[in-house]
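Engineer: prediction below, plus the sequence it came from.
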There are 2 protein chains.
Amino acid sequence: MKISRVTTSDQRFTLPDAAGTDSIHTDPKYSYAVTLLELDDGEFGTGLAFTLGRGTEVVVRAIEAFIPYVVGRDLNEIMPRFAKFWRELADESQLRWIGPQKGAIHLALASISSALVDAWCRKHQQPLWKLLLDMPPEDLIEWVDLRYLENQLTRKQALELLHQGEAQRLTNWESHEIITKGYPAYNTSVGWLGYDIDHLVRNCREQIAAGFGALKIKVGSPRIEDDIRRLRAVREAVGPDIRMMTDANQIWSVPQAIAAGKQLCDLDCFWIEEPTHPDDILGHQQIAREIAPLKIATGECVSNAILFKNLIQAQAVHFLQADSLRLGGLPEFLAVVLMGKQAGLPVVPHAGDMSQIHQHLATWQSIALGVEPYHLEYIPHLREHFVEPVEVTGGRYQLPRTPGSSTRLQGVSPTEG
Amino acid sequence: MKISRVTTSDQRFTLPDAAGTDSIHTDPKYSYAVTLLELDDGEFGTGLAFTLGRGTEVVVRAIEAFIPYVVGRDLNEIMPRFAKFWRELADESQLRWIGPQKGAIHLALASISSALVDAWCRKHQQPLWKLLLDMPPEDLIEWVDLRYLENQLTRKQALELLHQGEAQRLTNWESHEIITKGYPAYNTSVGWLGYDIDHLVRNCREQIAAGFGALKIKVGSPRIEDDIRRLRAVREAVGPDIRMMTDANQIWSVPQAIAAGKQLCDLDCFWIEEPTHPDDILGHQQIAREIAPLKIATGECVSNAILFKNLIQAQAVHFLQADSLRLGGLPEFLAVVLMGKQAGLPVVPHAGDMSQIHQHLATWQSIALGVEPYHLEYIPHLREHFVEPVEVTGGRYQLPRTPGSSTRLQGVSPTEG
C-alpha cells in the first residue's frame, strides 16, 4: 500500500445569498484545502481542511510542505501506529515553529491525515465508523495522540475507557438505534444572521416539518434586543419541544458575553456557542459561572487538544465542539473524545466537513463509548459537491455504508499522467 | 505618505554548526518572511516574521493575502489609529478563520505591521524607541489593541498606566542609564543543546569575559542528569554572580516539567523557560506552584495577547517573553506590556528578531513605565545580514540612533521597475 503521489488543490464554493453569515464571518465562501493521496495500486484517499475562501491558498501551501514526508511511505507501516506518524509531522523540526499545533500548518495536517484515514478505510472496504468500531482497544489507542495531555488522561486511563466501552457495548450493537434509525441532526442553515426575521422563522417551520428536532440560531447582532426578538419569534414558531442552540461566533468580550448570556437564560436556549474568543480559557470559565444554567459550547476554532484539556480542567465548557479538520485529524480528535468521556462531556462536532466525516466519528463515540447522541450539526450548502453527500431523512443522518470517510469531492480524483 | 507597493520575500540563513539547536528544534535555519513596504516618495519600511526554515514560504503566502488591504493606503491615515487598522486586518472576515490570531496568518500580520512601523519611524526621522517615548499617552493608546482583554485591562486603565509612567518619568530621562550605558543583555548563543560540555563552558567563560552578566543554557536532554551536569559545569565556570537562565523549549509534559523543575531548584537558575507546551495555561499554573521558588518564563510561542492574559490571570508565569514578531506586531505587544505592568510582571522579549526591534521596545518599557531592565536576549548569528545590526558592548545594547526599527536586511530594498 505504497503512497505513490500526493497532490493538493484549492476548492472554493459560492454559497446562496446570506448563507453562512454570522456576527464575525460576514461573507464566507465555504472552501477546502484538499489533499489527494494516491496509492500505487490506483486506490486513493481524499483529505480536507475547511476554510472560508481567502486564505485557502495559504493552507494549500502548508499541505505542500508536508508532502515530502508522506510520498513513498507505506500505509501498512504508517496506520498501525498512526498517532506516532502524526506526531512526527506535527513536530517536524522546522515547520513546528509556525504552529505549534495551530493555524495554517495544523489545518494542513488535518487535510493530510484525513486523506490517510480515507485511503485506509477504502483499502479495508469499510466505512470509517465501522472500521473504528471493529478496532480492538489495543489497536485504536495507537491512533490516539496523548502528548501534553498526560496530566489529565494517561495512556492507561485512555485504554481503560476504550475497554469499558467495549465491555458495556451491546452485543447486538448493529441493532443500535443510531444505525437502524440514524443519528439525530440539528439544522444550522435555518438561522444565519444575514436572514431577516421572516426568512428565519419560515426556515425553522420548514425544517421542523421535515423532521428536525433541533435548530441553531446565530446571535451577536449589534443590539442584543434584535437577537432576543429573533429567538422569541423562533421559539413561538417551533413550540417548546425543539432544541434551540444559539451561536455568537466570538463577537463578545467577556463582560459582554456575561451580560448577553444572562439575557438569553430566560429564552430556553440549549447552549450558547462561542461566547468569546476561543483561546480565552479563563474567560469561558468566568462566563460559565455567571450565566449558569445556560450551557456553553465551543470548539470550531479551538486549535488543539491542549486547549481542550484546559477548557475541560477549568470547567469552562459543556459541549466540546471539536472539529477533526481544525484539530489536525483523528489522533487529536480521538484524544478530545476520550478526555470528554472521562470528564462526562460529550463531543458534539463542528461541521467544517459538513459532517461528512463527523457522522462517522459521532456514531463511533456514541456506540463505542456510550455517549448520548446529541444532535449533530447539519449544513446542506455543499451537498452537490460531495460524491457521497450526507443523507439526512426525518432529521436523522442515515449512516453511510460505502468504504471510506465520505470526503470525496466531485471532480477531485486521480488523473492520468 | 501613500503606500505604493508591497512585496514579500523568503530569506533563509544557514547557521554555524549546532547553533540554534535545542530539545525540540534540532536543525533550525533562522529565516524571515519579509515585507518590503514602499511609499510613493521612495521611502520604505521593512517588516519581519521569524521562522525556522521550512514553512517560511507558507508565511510569505499569508503576507501576500494581506497586501491588497495595504497598498494604496496612506500612512498618515493608518498610523494615528494604528490599532484600529491592525484589528481590521486581524479580523479580515475570511482570513480570520485560519487563525484567529495565531499561526501563519498571524506571523504574516507581524511582518506587515512591523513594516508599517518601520516606515513611519523613518518618515519621522526617529528610532522607534524615541518615537514611542515622544508619543503622548492619548496618541499611544491608539496603537494598543485591547480587544478581548477588557476583563483584565480596560482602555481607561491602560491609559492610566501610560499617564502614571509619564508622571513618574525623570524629567532628564535622556540621561537614563539605559540610554547612556546601554540596555543589559543576556547571551543565548553560548548554550545551544548541540554544543558539548567543553564547548559550552568555553563559550560561557568567553562571554563573561566580554562583559555579559547573564547567560542562557538549553536543557531538556534525554536524561535530566545530563542537563544538571551541564548547568553545574557552567555555574562552576562563571561563579555565583552571573544570571543563568534555562530553557526546555516545550520538551516536557506537565509531570515531567514538575519533576525536572524540582531538580533545577537547587542550581540557582534565574528561570526555567518553556517547561511545556505554550498553550497549556493551567499546566503552567500547576508547574509554577510545584517548582517554586524557581520562576517560569514563556512567550516565544504564545500566539496572542489573549493567551498572555490567561497566563497572567492564572499566575502561571513570571517573565512574559512576548515577541512582537509572533504576536502580530506592536498593537498586541504593547497590550501585553501594559497587562504585565498592571500585574507586576516584566516583558522580557524573545529575540526572534535578534532583538533588532526589541531593543527599542524593551527600552521604551523601562523608561516609559519604569520596568526594571531585565536582561534582553542576545543572539548574534544573523548580525551580518542586517543593515544596522544591534551593537552589544560590555554586555549592553548600545541604543540605535538612526531612524526606523532596525529591521532592514542586506539586499532587501526597493528595486527599479
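Structural biologist: Arrived safely. As the structure is a computational prediction, the values presented were derived from the model and not from experiment.

Engineer: am I right that residue A:4 is in a helix?
Structural biologist: No - Residue A:4 is assigned strand when assessed by DSSP: H, G, I helix; E, B strand; the rest coil, not a helix.

Engineer: am I right that it is in contact with residue A:73?
Structural biologist: No - checked against Cβ atoms under 8 Å, the pair residue A:4 and residue A:73 is beyond contact range at 10.3 Å. Every residue, glycine included, has its C-beta placed from N, CA and C.

Engineer: how about the residues of the stretch 201-350 of chain A by chain B?
Structural biologist: Proximity of the stretch 201-350 of chain A to chain B, by Cβ under 8 Å from any Cβ of the partner chain, involves residues A:250, A:253-255, A:276-283, A:286, A:301, A:303-304, A:306-307, A:309-310, A:313-314.

Engineer: select only the buried ones of those residues in ChimeraX?
Structural biologist: Here is the ChimeraX command that selects the buried residues among these (16 or more other Cβ atoms under 10 Å in any protein chain shown):
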select /A:250,253,254,255,276,277,278,279,280,281,282,283,286,301,303,304,306,307,309,310,313,314
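
Engineer: let me see the ranges of the strands in the stretch 51-200 of chain A.
Structural biologist: Remark: strands assigned in the stretch 51-200 of chain A by DSSP state E, counting those that start in this stretch are A:183-191.

Engineer: look up the closest residue to the closest residue to chain B within it, ignoring the ones flanking it.
Structural biologist: Closest contact between the stretch 51-200 of chain A and chain B, by Cβ to the nearest Cβ, is at residue A:103 (1.2 Å). Closest residue in space to residue A:103, ignoring its immediate chain neighbours: residue B:103 at 1.2 Å, by Cβ to Cβ, 6 or more residues apart in numbering or on different chains.

Engineer: number of nearby residues for that neighbour?
Structural biologist: Applying other Cβ atoms under 10 Å in any protein chain shown, we find 28 residues neighbouring residue B:103.

Engineer: tell me the contacts of it?
Structural biologist: The contact partners of residue B:103, by Cβ atoms under 8 Å, 6 or more residues apart in numbering or on different chains, come to A:98-99, A:102-106, A:303, B:303.

Engineer: got these as TSV, with pLDDT and distance to residue B:83 columns?
Structural biologist: Formatted as TSV, those follow (pLDDT from 0 to 100; distance: Cβ to Cβ, whole Å):
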residue	pLDDT	distance to residue B:83
A:98	98	24
A:99	98	26
A:102	98	23
A:103	98	22
A:104	98	24
A:105	98	27
A:106	98	27
A:303	98	24
B:303	98	18
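
Engineer: looking at those, which are in helices?
Structural biologist: In this view, those that belong to helices under DSSP state H are A:103-106.

Engineer: I'd like to know which of the residues you listed are buried.
Structural biologist: Applying 16+ other Cβ under 10 Å to those flags A:103-106 as buried.

Engineer: how about those, which pair is most distant?
Structural biologist: The largest separation in those, counting by Cβ to Cβ, is between A:104 and A:106 at 7.4 Å.

Engineer: got a list of what the residue lying closest to residue A:318 once chain neighbours are set aside touches?
Structural biologist: In this structure, residue A:318 finds its nearest non-sequential neighbour in residue A:295, 3.9 Å apart by Cβ to Cβ, 6+ apart. Residue A:295 makes contact with A:270-272, A:318-319 under the criterion Cβ under 8 Å, 6+ apart.

Engineer: for stretch A:178-194, buried residues please.
Structural biologist: Result for stretch A:178-194 [16+ other Cβ under 10 Å]: buried residues A:178-179, A:182-193.

Engineer: can you list the domains in chain A?
Structural biologist: Domain assignment for chain A by automatic domain parsing gives A:3-125, A:173-397.

Engineer: mind checking the end-to-end distance for the last one?
Structural biologist: Criterion Cα to Cα, to the nearest Å; first-to-last residue distance in domain A:173-397 is 17 Å.

Engineer: please state the offset of it from the chain centre?
Structural biologist: Chain-centre distance of domain A:173-397: 10 Å, with Cα atoms, centre = their mean, to the nearest Å.

Engineer: before we move on, what about the first one?
Structural biologist: Taking Cα atoms, centre = their mean, one finds the center of domain A:3-125 at 14 Å from the center of the full chain.

Engineer: could you dump the buried residues of stretch A:178-194 into JSON lines and include pLDDT?
Structural biologist: Output for the buried residues of stretch A:178-194, formatted as JSON lines (pLDDT from 0 to 100):
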{"residue": "A:178", "pLDDT": "95"}
{"residue": "A:179", "pLDDT": "93"}
{"residue": "A:182", "pLDDT": "97"}
{"residue": "A:183", "pLDDT": "98"}
{"residue": "A:184", "pLDDT": "98"}
{"residue": "A:185", "pLDDT": "98"}
{"residue": "A:186", "pLDDT": "98"}
{"residue": "A:187", "pLDDT": "97"}
{"residue": "A:188", "pLDDT": "97"}
{"residue": "A:189", "pLDDT": "97"}
{"residue": "A:190", "pLDDT": "97"}
{"residue": "A:191", "pLDDT": "96"}
{"residue": "A:192", "pLDDT": "97"}
{"residue": "A:193", "pLDDT": "97"}
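
Engineer: count of neighbours near residue A:164?
Structural biologist: The tally of other residues near residue A:164 (other Cβ under 10 Å) stands at 14.

Engineer: before we move on, what about residue A:4?
Structural biologist: 14.

Engineer: all strands of the stretch 251-400 of chain A, in order?
Structural biologist: All strands of the stretch 251-400 of chain A, identified by DSSP E, counting those that start in this stretch, fall at A:271-273, A:296-298, A:319-320, A:376-378, A:392-393, A:396-397.

Engineer: what strands line up against the fourth one, and which way round?
Structural biologist: With DSSP bridges as the test, strand A:376-378 is paired with strand A:183-191 (parallel).

Engineer: contacts for the strand it pairs with, please.
Structural biologist: Contacts to strand A:183-191, defined as Cβ under 8 Å, 6+ apart, come from residues A:19, A:200, A:203-204, A:206-207, A:212-218, A:234, A:243, A:245, A:247, A:351, A:355, A:359, A:362-363, A:366, A:373-381, A:392, A:395-397, A:399.

Engineer: now swap in stretch A:406-417 and tell me
Structural biologist: A:5, A:9, A:11, A:32, A:34, A:36, A:38, A:42, A:44-48, A:114-115, A:118, A:127-128, A:353, A:356-357, A:359-360, A:384-390, A:400.

Engineer: for chain B, what are the nearby residues on the stretch 1-150 of chain A?
Structural biologist: Contact residues (Cβ under 8 Å from any Cβ) of the stretch 1-150 of chain A with chain B: A:24-29, A:50-55, A:57-59, A:61-62, A:65, A:91-107, A:147-148, A:150.

Engineer: which among those residues count as buried?
Structural biologist: Neighbour counting over those (16+ other Cβ under 10 Å) leaves A:24-25, A:28-29, A:50-55, A:57-59, A:61-62, A:65, A:91-92, A:94-107, A:147-148, A:150 as the buried ones.

Engineer: pick the one among the contacts of residue B:103 closest to residue A:154.
Structural biologist: Among these, residue A:303 lies closest to residue A:154 (Cβ to Cβ), at 22.9 Å.

Engineer: any idea how far residue A:19 is from that closest one?
Structural biologist: Separation of residue A:303 from residue A:19 (Cβ to Cβ, to the nearest Å) stands at 26 Å.

Engineer: check which helix or strand residue A:36 maps to.
Structural biologist: For residue A:36, the host element (DSSP states H and E) is strand A:31-39.

Engineer: tell me what that strand is packed against?
Structural biologist: For strand A:31-39, the packing partners by 3 or more Cβ pairs under 8 Å, 6 or more residues apart in numbering or on different chains; DSSP states H and E come out as strand A:3-12, strand A:44-51, helix A:56-66, helix A:103-123.

Engineer: for the nearest residue to residue A:278 once chain neighbours are set aside, phi and psi?
Structural biologist: Distance criterion Cβ to Cβ, 6+ apart; nearest residue to residue A:278, sequence neighbours excluded, is residue A:301 at 4.1 Å. When read as degrees, to the nearest 10, the backbone of residue A:301 gives phi -120, psi 20.
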